Each structure stands twice: as structure tokens, then as C-alpha cells.
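Asks: fold the stuff below for me.
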Amino acid sequence: MVSSIELPAPSPPQPYGHKQSKQYVTGVPTQLHMVPSGQWSTGLCDCGDDFSNCCITWWCPCVTFGQIAEILDKGNTSCAVHGAIYAILAYITRFQWIYSWVYRSKMRHQYTLPGEPCHDCIIHWCCEPCALCQEYRELRNRGFDMYLGWNGNMARQNHGVVITPIAPAEMKR
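Replies: Numbering: from 1, shown residues only. Presented below is the predicted three-dimensional model:
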């Protein structure tokens, strides 16, 4: 006698904008929703989706910006350097939004995201904390653990295996 196992029916695909529940463990979502290609995963004003990041960005935006910039620069410059440059620009000139605007444009080009509802420059000039929070959530929703930085994320992706190139020996005659 063969018994059959009844599997639950798959849930129907949800329209864009439907948010699945997320459970956070140490600040990292354990369940990520699919990020549609060419669309932001969250809205500009969805800062309350990640309350801790919203607070950090409000009180010390240089931290959030540093984390975003390190990931977008693929680890070429550290979070601390980007954050320090941002803080100096904010303290001395109040034009830090120009620096962060460049990175929003860079993110949009890397992930083919739309530049709506208005130009990146205007978004960062008018509502920089919201823009930084959205960029942070976008990278997190794309699988980056923002606390690990670029190198930590690459090590995690490679399961801790680091490939070191071997330089060829000197040529002798």
C-alpha cells in the first residue's frame, strides 16, 4: 500500500508593494521579499520600516551614509572614511547632500532603479534622511548585511573562502 503525502499549495504571487512579514535577528532580516528588477524595494517615505536605522540616520547620518558608500564602492574605501568625509562636509559647508546625491545616482545606475518621483539631487537636498534610509533598506533587501561591510559580505557569500591570487615567480634568463 502506497500512501501519498499531500503538499500545501504554493501561495499565489503577490503584487509589487505587498510586504511580507520580516523577522529580525540581530538587525538582519531572516526573510527577504523579492526585489523586482528596475524598481525600488521600498518607498522614499517608508523610514518606519526599520526604526533603528531611521533613528541612527536622523541623529548621525554619516554612519548610514558610510555603510551605503562602502557597499556601492565595493570596499575600495571604508565606511569610516566615507562617514568622516560626509561629517566634515556637513559640519563645515552644509553641502554633504551633494556627496550623498552622487552615491544615490551610482546606486540607481548599478541596480537600474528609476529616478522618480524627482531627480536625485532634489531628493537629497529636500529630504536627505529619507533618501539615506531608502538606500540603506534597498541594499539590505538585496541581501547585504550592512554591519559587515563589503569584505564581510563577500566572505559570507563565498562561505568564508578567500581566494588569494598567486603572483608568478620572477622571470630569469
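Asks: what does stretch 66-84 rub up against?
Replies: With CB atoms under 8 Å, 6 or more residues apart in numbering as the contact definition, stretch 66-84 has outside contacts at 62-63, 65, 86, 103, 106-107, 110, 132, 135-136, 139, 144, 146-147, 149-151, 153-154. The C-beta positions use only the backbone N, C-alpha and C, and glycine is treated the same way.
Asks: what comes up buried for that stretch?
Replies: Judged by neighbour count using 16 or more other CB atoms under 10 Å, the buried positions of stretch 66-84 are 66-73, 78-79, 82-83.
Asks: put the buried members of the contacts of stretch 66-84 into a PyMOL selection.
Replies: In PyMOL, this line selects whichever of those come out buried by 16+ other CB under 10 Å:
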select buried, resi 62+63+65+86+103+106+107+132+135+136+139+144+146+149+150+153
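Asks: how many other residues sit next to the closest residue to residue 38 other than its chain neighbours?
Replies: Distances taken as CB to CB, 6 or more residues apart in numbering place residue 112 nearest to residue 38, at 5.0 Å, with adjacent residues excluded. Using other CB atoms under 10 Å, residue 112 has 9 neighbouring residues.
Asks: go on, the one 3 residues further on?
Replies: Other residues lying near residue 115 total 13 when counted by other CB under 10 Å.
Asks: distance of it relative to residue 81?
Replies: According to CB to CB, to the nearest Å, residue 115 and residue 81 sit 27 Å apart.
Asks: tell me which stretches of this protein form strands.
Replies: Remark: strands assigned in the chain by DSSP state E are 24-25, 28-29.
Asks: where among these is the average confidence lowest?
Replies: Ranked by mean pLDDT, the strands of the chain end with strand 24-25 at the bottom, a mean of 38.
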